[in-house]
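Student: Below are the sequence and a predicted model; questions follow.
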Amino acid sequence: MSATLAPPPAVQSAPSVQPVQLHRRAPSPATQGPWSVEAIQALLDKPLMDLLFEAQTVHRQHWPAGDIELATLLSVKTGGCPENCGYCPQAAEFDTGVKAEKLMEVDEVVRAAQAAKDAGATRFCMGAAWRAPKDRDIEKVSALIGAVKGLGLQTCATLGMLESHQAQALKDAGLDYYNHNLDTAPEYYTDVVSTRAYQDRLDTLQNVRSAGISVCCGGIVGMGEAPVHRAGLIAQLANLQPYPESVPINSLVRVPGTPLADSDPIDPFDFVRVIAVARITMPKARVRLSAGRQQMGEAVQALCFMAGANSIFYGDKLLVTGNPDVDADVQLLAKLGLNGHRTTTTEAEHAHHHA
Ligand code: SAM
Ligand code: DTB
Ligand code: SF4
């Protein structure tokens, strides 16, 4: 089993243990699900320092401090997607300059995965711009998964909507995580995409869960949504039974040519708030500070780590847009005293090192 699913108890000495003890003696009913949108909205509205303190306290109860997972993305099938997600540069309908490509070959993917591993990544996520894969696609992606898993990396894929037999095939191929985002609150979803329904997303998540694959599911903020929609997204995620093992929180990358290109950017502190509330409501999830880091600045990223983010996308590219350089990330983690490298070892490796 991976460290992600069963995090070791937080044994680090916190700067002050008192708040942790207080929290343990009197667990607040407000930190239990199911979560109402109102309760989440109330958390989002807290004074920022109170919210950060609460999120960091929850974080240290469930995770080793300073441990940041490094996950590398690769677009294995780029562009030409028939869906119309308003944020996405890969939709065929939008004129974004992204060209449609064929599915990558195994050796090319293995080279990229090996490079990611050499740079310190522990998870490798393969993305495809499909509405839903065909069974033939599943066969080909299964070969990619097997090869990447063979390198000793955790595998993740994001391929669009899945039927149960397809999820089962991916599980059999060695898939550890499937990424499928709810993206926003149900009430705002139809403003963002019209080629599929919210329920389609929920159905795929159920198929993934039933196949025994861990769920990676989050959303995007900065798409012109109201604060209540951010609360609605977190409520949906936190109330999934069980809540996702990984929760990517993306800040919209505004790509010219997409319908959402001119959205007002989210206030950076409001972004930090969303991370904090994800941490509080889903204490054992890997909360990933995802797209948008290149536009964010180091200080805001530091606040996100304070708020409980413990994973990043690591590598110079997301799927088709940019991400901070590996060197810049290594430096940032070092400056903050965070451990990006080799700290997200599996429990087996952990035991080996301490034997
Ligand atoms: N086609 C599959 C799907 O939609 O599920 C997989 C790939 S899709 C690009 C994966 C996720 O990337 C989307 O659900 C969305 O949350 C995120 N994403 C896409 N474009 C983005 C952007 N411009 N800014 C931030 N996140 C984005
Ligand atoms: C997720 O939540 N974010 C990633 C990953 N899952 C697949 C994708 C971000 C995409 C950003 C825009 C792009 O490069 O296409
Ligand atoms: Fe297609 Fe996924 Fe982009 Fe939507 S987010 S247009 S489904 S690649």
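Tutor: Thanks, I have it. From a predicted model like this one, the values you see are computed outputs, not experimental measurements. Ligands and ions are numbered 1, 2, ... in the order given.
Student: The protein: strands as residue ranges?
Tutor: Here the chain has its strands, by DSSP state E, at 69-77, 123-128, 154-158, 177-179, 214-216, 219-221, 246-251, 286-289, 311-313.
Student: can you redo those strands as JSON lines with distance to Glu105 and mean neighbour count?
Tutor: All C-beta atoms are positioned from the backbone trio N, CA, C, and that covers glycine. Listed next are the strands of the chain as JSON lines, based on distance: least, Cβ to Cβ, whole Å; neighbours: other Cβ atoms under 10 Å:
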{"stretch": "strand 69-77", "distance to Glu105": "10", "mean neighbour count": "24"}
{"stretch": "strand 123-128", "distance to Glu105": "13", "mean neighbour count": "25"}
{"stretch": "strand 154-158", "distance to Glu105": "16", "mean neighbour count": "24"}
{"stretch": "strand 177-179", "distance to Glu105": "22", "mean neighbour count": "25"}
{"stretch": "strand 214-216", "distance to Glu105": "25", "mean neighbour count": "23"}
{"stretch": "strand 219-221", "distance to Glu105": "31", "mean neighbour count": "25"}
{"stretch": "strand 246-251", "distance to Glu105": "27", "mean neighbour count": "26"}
{"stretch": "strand 286-289", "distance to Glu105": "28", "mean neighbour count": "27"}
{"stretch": "strand 311-313", "distance to Glu105": "23", "mean neighbour count": "25"}
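Student: of the ones you listed, which approaches Ala42 most closely?
Tutor: In terms of Cβ to Cβ, the element of those nearest to Ala42 is strand 219-221, at 18.0 Å.
Student: With ligand 3 in mind, check whether the closest one reaches it.
Tutor: No: Strand 219-221 does not reach ligand 3 (Cβ under 6 Å from any ligand atom); its nearest approach is 9.6 Å.
Student: got the contact list for that strand?
Tutor: 87, 181-184, 230, 233, 237, 248-252, 266, 270-271, 274, 291 (Cβ atoms under 8 Å, 6 or more residues apart in numbering).
Student: lowest confidence element among the helices and strands of this structure?
Tutor: Within the chain, confidence by mean pLDDT, DSSP states H and E is lowest for helix 347-354 among all helices and strands, at a mean of 36.
Student: Residue numbers of the stretch 251-355 of the chain in contact with ligand 2?
Tutor: Residues of the stretch 251-355 of the chain found near ligand 2 (Cβ under 6 Å from any ligand atom) are 253, 290-291, 318-321.
Student: And the contacts of strand 219-221, which of them are buried?
Tutor: Neighbour-count burial (16 or more other Cβ atoms under 10 Å) is assigned, among these, to 87, 181-184, 230, 233, 237, 248-252, 266, 271, 274, 291.
Student: Do I have it right that Pro259 meets Pro89?
Tutor: No: the criterion here is Cβ atoms under 8 Å, and Pro259 misses it with Pro89 at 11.3 Å.
Student: Which one's more surrounded, those two?
Tutor: Per other Cβ atoms under 10 Å, whichever of Pro259 and Pro89 has more neighbours is Pro89, with 24 against 18.
Student: I'd guessed that one sits against Val320; true?
Tutor: Yes: look at Pro89 against Val320 with Cβ under 8 Å: they come within range, at 5.4 Å.
Student: shared neighbours, the two?
Tutor: By Cβ under 8 Å, 6+ apart, Pro89 and Val320 have these common neighbours: Val98.
Student: circling back to that earlier point, ChimeraX command to pick out the buried ones of the residues of the stretch 251-355 of the chain next to ligand 2?
Tutor: Buried members of these, defined by 16+ other Cβ under 10 Å, are picked up in ChimeraX with:
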select :253,290,291,318,319,320,321
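Student: Let me have the residues of the stretch 251-355 of the chain next to ligand 2 in TSV, adding pLDDT as columns.
Tutor: Shown next, in TSV, are these (pLDDT from 0 to 100):
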residue	pLDDT
Val253	98
Ser290	98
Ala291	98
Leu318	97
Leu319	97
Val320	97
Thr321	97
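Student: Nearest to Ile213, out of the residues of the stretch 251-355 of the chain next to ligand 2: which one, please.
Tutor: Set against Ile213, the nearest of those by Cβ to Cβ is Ser290 (19.3 Å).
Student: What residues does the closest one make contact with?
Tutor: 218, 248-251, 312-313.
Student: repeat for Ala147
Tutor: Going by Cβ under 8 Å, 6+ apart, Ala147 touches 106, 109-110, 113.
Student: buried subset of the residues you listed?
Tutor: Buried members of the contacts of Ala147, counted by 16+ other Cβ under 10 Å: 109-110, 113.
Student: Which ones among these map onto helices?
Tutor: Under the assignment DSSP state H, those contribute 109-110, 113 to helices.
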